[in-house]
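Visitor: fold the following for me, if possible:
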Amino acid sequence: MIKNIKSIIISALLVVTIPISCFAVFNHFHKIDGMRTAEEAVMLMYNFESFTTLYQEQMDKLEDIVTPEIYEEITVKNIDRALTTYLKFKQNPSTVRILETTDRYVIYTISSDSLTSGRKFVMYYSTNLFGRIDKMKEAELRDFYDTTSSTEE
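Guide: Numbers count the residues shown, from 1 in each chain. Alright, predicted model coming up:
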């Protein structure tokens, strides 16, 4: 009788802990893959030698890692996006440096002759179960001014 109770308890614990463990492992790897995908998206959007490469090659790769709805918003083929973002580069090459990546955002700088150096940008994102970016927002970051220094003598 006691053996049966022990067996039932052990079985119940296994039935509960195995799915929880599997979910935790899946969630961990999903976050890691999402971070890599987000970094890749930033690189594909802003790290380019020429607009021909950006337009013909990188946008096709970008389409593979984002959902169709997101792709329609961020592609260089979107006239609004081209006017508000890509024309600022004046067809100059651009290099991205990733500063920080989490499972929710990527902070990066863009080096280009067309942009003021030192500017920081952030891309907030989420990924779906298939590892594709399904939500994305971008913004420029501004550092707070140093308010601790005093001009008093």
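
Visitor: close enough to count as contact, Lys61 and Met45?
Guide: No - using CB atoms under 8 Å, Lys61 is not in contact with Met45, being 10.4 Å away. Every residue, glycine included, has its C-beta placed from N, CA and C.

Visitor: okay, those two: which has more neighbours?
Guide: Just comparing Lys61 and Met45: by other CB atoms under 10 Å the higher neighbour count belongs to Met45, 25 against 12.

Visitor: if I look at that one, how far off is Met35?
Guide: According to CB to CB, to the nearest Å, Met45 stands 16 Å off from Met35.

Visitor: tell me the SS of the spatially most central residue of the chain?
Guide: When CA atoms, centre = their mean is applied to the chain, the residue found nearest the centroid is Ala38 (2.6 Å). Here Ala38 takes the helix state, with states given by DSSP: H, G, I helix; E, B strand; the rest coil.

Visitor: any idea how far apart the tips of stretch 97-111 sit?
Guide: 8 Å (CA to CA, to the nearest Å).

Visitor: tell me the buried residues in that stretch?
Guide: With burial defined by 16 or more other CB atoms under 10 Å, the residues of stretch 97-111 counted as buried are Thr101, Asp103, Tyr105, Val106, Ile107, Tyr108, Thr109, Ile110.

Visitor: do stretch 40-56 as well
Guide: So for stretch 40-56, counting by 16+ other CB under 10 Å, buried means Glu40, Ala41, Val42, Met43, Leu44, Met45, Tyr46, Asn47, Phe48, Phe51, Leu54, Tyr55.

Visitor: out of those, who's nearest Arg97?
Guide: The nearest member of these to Arg97, counting by CB to CB, is Asn47 at 9.1 Å.

Visitor: ramachandran angles for the closest one?
Guide: phi -100, psi 100 (degrees, to the nearest 10).

Visitor: how about the residue nearest to Pro93 when sequence neighbours are not counted, phi and psi?
Guide: Distances taken as CB to CB, 6 or more residues apart in numbering put Glu49 closest to Pro93, at 5.0 Å, once the chain neighbours are dropped. Glu49 adopts backbone torsions of phi -90, psi -30, taken as degrees, to the nearest 10.

Visitor: for the chain, what spans make up the strands?
Guide: In the chain, the segments counted as strands under DSSP state E are 95-101, 105-111, 120-127, 133-141.
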